[in-house]
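>>> fold the following, please.
(2 chains)
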Amino acid sequence: MRAVPALILAALVAPVALGLWQTGRAAFGIMPALGRETPSLDPWRQLFALPGLGGSIRLSLVSGLGAAILSLLIALALVQALQGRLSAARAARWLAPFLAVPHAALAIGMAFLLAPSGWIARALAPLMDWTRPPGIASVNDPWGMALMLGLMVKEIPFLMLVILAALGQVPLARIMAMGRALGYGPGAVWLRLVLPAIWPMLRLPFWVVLVYSVSNVEMAIILGPANPPVLGVAVTRWFASPDLAMILPASAGAILQAGLAGAVIAAAWGAERLAARLGPVWLARGRRGPARAPGWLVGALLRLAGAAGLVLMAAGLLAMAALAIWSLAFRWSFPQILPETWSLNAWSMAAPGWRRALTTSVLLAGATAGLSLALAVAWLQAAPARMRAEWLILLPLLVPQIGFLYGLNVVFLRAGLQADLLTVGMGQMLFVFPYVLLSLSGPWRAVDPRLMRTAAALGAGPWRRLVAVRLPVLLRPLLTAWAIGIAVSVAQYLPTLYLGAGRVATLTTEAVTLASGSDRRVSGVYASLQALVPLLAYACAFVIPAWWHRDRRALAGAFR
Amino acid sequence: MSLILDDVTIARPDGAALIRGLTLNVSPGSVTTVMGPSGIGKSTLLDAIAGSLAPGFSLSGRITLNGRDLTGLPPERRRIGLMFQDSLLFPHLSLAGNLAFGLDPRIRGRSARAQAVEHALTEAGLAGLGPRDPATLSGGQRARAALMRTLLAAPEALLLDEPFGKLDMALRDEIRRFVFDHAAARGVPVLMVSHDPQDAAAAGGPVVALA
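This is a model prediction of the structure:
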């Protein structure tokens, strides 16, 4: 049992390392399958000669850094504004739809909302006298604005939850009272005392957000600029090129993408060190800030950020509604806010396709989330205290997927593994398990150890203590972790694409493919289903424990 | 027949001895009180006897209960009941479910077990409250229920860790008498850790001061 965490860590780290190694070899010209055996720098020369590379790098950096940093600031502003009114448990309920909906589905919904013929333009049409969609590139815009908005709608709720969970770990009320007794306003206390106290708990989640933002592919395919696209999309296109020799520069691009993510993390780390160096000097000066804190400028900025956050959340909800409405629309001409005629045509015409994709997605999600939950329980049972190496489980989330998935596919093929459902499931585990473990470990470790000692003193052995006490007490967090696992699995795009060699069609791969097509109704069908599966899982995670523990006041929190 | 600590030494992970060469004989039906300032290792001593010493701590010497050497036995096989200042009733089980969880597995059959639980509830003045959610009981009711749950497991010794610390003054006397009377009636040795001199006085047994 004691070896479980070490084995799981090895199983998470090895594929990332092997995948990077294999991609790296191809980036330096070694690809025996193509008859290339000698190392060379040619792939890099080819890469840098490709048109648009500089633009792609710049776009990735600007849209990625912009989205991640703005998301962090807005999440902090929203949490600060709602402080005291929003517990972590209530926030989890309100933010659940945003966490559940896959990136691709949200991106398709945001495209429905933002496009020249989308809801926003339709709402503005009477005011602007538009009878046809305006000729503005409001999605796939060359600056990546639509992509940034899409990323932020997903990232703000995630960061808010992380911040609220971190606040639960510090004596917030006492820090506030102490700081204010010393003459600092509430905003000043937040910046000087609260943020430094919680930052260690925000650091890794923020890095995950940073890496995703500068390297995401499926959101950028749907919302991002087309020519040049962001680096992740460009590399995906090169890998998919019919010219097999393109694999070498594409691998170099994948390594470049990994380097870009590393550089961004290094910059974030550097900024943090700088703040840690200069912060104490600034704090020691003892300036209390404006007497009526926060000062008007900071106050205005906070209000602006809060308002922007609320607008983005509203846009996210409208985007999700747009998916369902488009899938049910028959005739929906331009300035109309709602369809003129409704129909189930899109659903019935696409039925064979979406049924197959739905089955595949549900199978993969059920298997990976279930297995991840079992492994997480085994891990926590074997390692009750936090381990030093625990941050390593985040490795698959801190290395851009495109950096190692192509190489991992090569490793799998060499090992004689067919590209099928099983390999896709194995690949998805790399991303599902970390989220499941992270979500479960906090509540698991918060169970009063004396409760377990009491059970032991009553004669219950380890197995009975687990099955009859710990798991039932943790029913809600267990189901929440499972639902998160389902959501992560359903959302996976690149692992399904690369490890399934394009032969495994899930709701997500189909939705991304169809998003560039012309039929919004069919793409609405796939995206709706893609959002529906995780939403149902989240609903189960709320309803089942509430019903199961309906007569147990200490455990039935959610609906009270 | 009693709980015997023979030259027990407990060392912290850094090697420093927390308790050095403690010898104690707790006889059946009596309550021995261990007193001392906080941080002196009172709770650690109870952990060592119950078998749940935190990783890194080391124990030397012998602990025997009714002639059985407890060294190396997992907590669930020591037959030692535990009481803390919180009742620690399992939040997912009803009151009766909590008592049935503790009830000695040698009592078999659904109706025999239900009867034993009902009997214990009556004895604790909780008759008819079996189906209740433990979170809806009063502090005194929870404390009595926790003791009955512990006793139903038929322990051969009882360890009490500041058991009355959270009860208000009026309730404290009542629960103290309830616990001590039941322990005496069953003739089990009781070791109590406390820093309330009134607890020691009420227990009426030997007092060991750790320093």
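>>> up against chain A, what does chain B have?
With Cβ under 8 Å from any Cβ of the partner chain as the criterion, chain B comes near chain A at residues B:50-52, B:74-82, B:84, B:86, B:88, B:90-92, B:94, B:101-102, B:104-105, B:133-136, B:149-150, B:153, B:155. In short, each C-beta sits where N, CA and C put it, glycine included.
>>> which ChimeraX command selects the buried ones in those residues?
To isolate the buried members of the residues of chain B next to chain A in ChimeraX, using 16 or more other Cβ atoms under 10 Å in any protein chain shown:
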select /B:50,51,52,75,76,78,79,80,81,82,84,86,88,90,91,92,94,101,102,104,133,134,149,150,153,155
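>>> pLDDT at the residue nearest to A:Phe239 when sequence neighbours are not counted, what is it?
In space, and not counting its chain neighbours, A:Phe239 is closest to A:Ala250: 4.4 Å by Cβ to Cβ, 6 or more residues apart in numbering or on different chains. Looking at A:Ala250, its pLDDT reads 96.
>>> do the same with A:Gly289
65.
>>> ditto for A:Ala146
Predicted confidence (pLDDT) for A:Ala146: 96.
>>> and it, how many neighbours?
Each residue near A:Ala146 was counted by other Cβ atoms under 10 Å in any protein chain shown, and the total is 26.
>>> same question, A:Val211
By other Cβ under 10 Å, 26 other residues sit near A:Val211.
>>> contacts only, for the spatially closest residue to it that is not a sequence neighbour.
Spatial nearest neighbour of A:Val211, chain neighbours left out: A:Ala261 (4.5 Å); criterion: Cβ to Cβ, 6+ apart. Residues in contact with A:Ala261 (Cβ atoms under 8 Å, 6 or more residues apart in numbering or on different chains) are A:Leu210, A:Val211, A:Val214, A:Ser215, A:Leu398, A:Val399, A:Pro400, A:Gly403.
>>> gap between the helix or strand harbouring A:Ala261 and the chain center?
In this structure, A:Ala261 sits in helix A:247-284 according to DSSP states H and E. Centroid separation for helix A:247-284 versus its chain: 19 Å, with Cα atoms, centre = their mean, to the nearest Å.
>>> swap in stretch A:246-256?
In terms of Cα atoms, centre = their mean, the gap separating the centre of stretch A:246-256 from the centre of its chain is 25 Å.
>>> how many neighbours does residue 183 have?
If you meant another chain, say so; for now it's chain A. Look at A:Gly183: counted by other Cβ under 10 Å, it has 12 neighbours.
>>> wrong one, chain B
Using other Cβ under 10 Å, the number of residues around B:Ala183 comes to 27.
>>> same check on A:Arg25?
17.
>>> for chain A, see how far away the spatially closest residue to B:Phe178 that is not a sequence neighbour is.
Among residues not flanking B:Phe178 along the chain, B:Arg144 sits closest, at 6.1 Å (Cβ to Cβ, 6+ apart). To chain A, B:Arg144 is 15 Å away according to Cβ to the nearest Cβ, to the nearest Å.
>>> residue contacts, B:Arg144?
Contact analysis of B:Arg144 by Cβ under 8 Å, 6+ apart lists B:Ala124, B:Gly125, B:Leu126, B:Ile175, B:Phe178.
>>> so how far is the helix or strand harbouring it off the chain centroid?
Element membership for B:Arg144 (DSSP H and E) is helix B:139-152. With Cα atoms, centre = their mean as the basis, helix B:139-152 stands 11 Å off its chain's centre.
>>> run the angle between the helix or strand following it and helix B:139-152 for me.
Where DSSP H and E defines the elements, the next helix or strand beyond helix B:139-152 is strand B:157-161. Counting by axes from the mean of the first three to the mean of the last three Cα atoms, to 10 degrees, strand B:157-161 points 150 degrees away from the direction of helix B:139-152.
>>> what's strand B:157-161 in contact with?
With Cβ under 8 Å, 6+ apart, strand B:157-161 has contacts from B:3, B:26, B:42-43, B:46, B:49-50, B:65, B:79-85, B:150, B:179, B:183, B:188-194.
>>> 7 Å - rerun?
B:3, B:43, B:46, B:49-50, B:65, B:80-84, B:150, B:183, B:188-193 (Cβ atoms under 7 Å, 6 or more residues apart in numbering or on different chains).
>>> ok, longest helix in chain B?
helix B:169-186 (DSSP state H).
>>> so which of the residues of chain B next to chain A are in strands?
Among the residues of chain B next to chain A, the ones falling in strands (DSSP state E) are B:Ile80, B:Gly81, B:Leu82.
>>> could you dump those to JSON lines with pLDDT?
JSON lines is the format used below for those (pLDDT from 0 to 100):
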{"residue": "B:Ile80", "pLDDT": "95"}
{"residue": "B:Gly81", "pLDDT": "93"}
{"residue": "B:Leu82", "pLDDT": "93"}
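>>> specify which member of those residues is nearest to A:Thr496.
B:Leu82 (50.9 Å; Cβ to Cβ).
>>> partners of that closest one in the sheet?
On the basis of DSSP bridges, B:Leu82 is bridged to B:Leu159.
>>> just the terminal-to-terminal distance for stretch A:73-92.
19 Å (Cα to Cα, to the nearest Å).
>>> what does it contact?
So stretch A:73-92 is in contact with A:156, A:159-161, A:163-165, A:168, A:190, A:302, A:305-306, A:308-309, A:557, going by Cβ under 7 Å, 6+ apart.
>>> just how off-centre is it within its chain?
Remark: stretch A:73-92 is offset 19 Å from the chain centroid, using Cα atoms, centre = their mean.
>>> that one - what's its average pLDDT?
Taken as a whole, stretch A:73-92 carries a mean pLDDT of 83.
>>> buried residues, that stretch. List them.
Within stretch A:73-92, the residues scored as buried using 16+ other Cβ under 10 Å are A:73-81, A:86, A:88, A:91-92.
>>> which ones among these are found in helices?
Reading helices off the buried residues of stretch A:73-92 with DSSP H, I get A:Leu73, A:Ile74, A:Ala75, A:Leu76, A:Ala77, A:Leu78, A:Val79, A:Gln80, A:Ala81, A:Ala88, A:Ala91, A:Ala92.
>>> for the residue of the stretch 251-400 of chain A found nearest chain B, helix, strand, or coil?
Chain B sits closest to A:Ala385 of the stretch 251-400 of chain A, with a gap of 8.1 Å, by Cβ to the nearest Cβ. Recorded secondary structure, A:Ala385: coil (DSSP: H, G, I helix; E, B strand; the rest coil).
>>> now it. Its backbone dihedrals?
The phi/psi pair for A:Ala385 (degrees, to the nearest 10) reads phi -100, psi 160.
>>> okay, it and B:Thr32: tell me how far apart.
33 Å (Cβ to Cβ, to the nearest Å).
>>> and these two? Which one has more around it.
Taking other Cβ under 10 Å, A:Ala385 and B:Thr32 do not tie; B:Thr32 has more neighbours (21 against 9).
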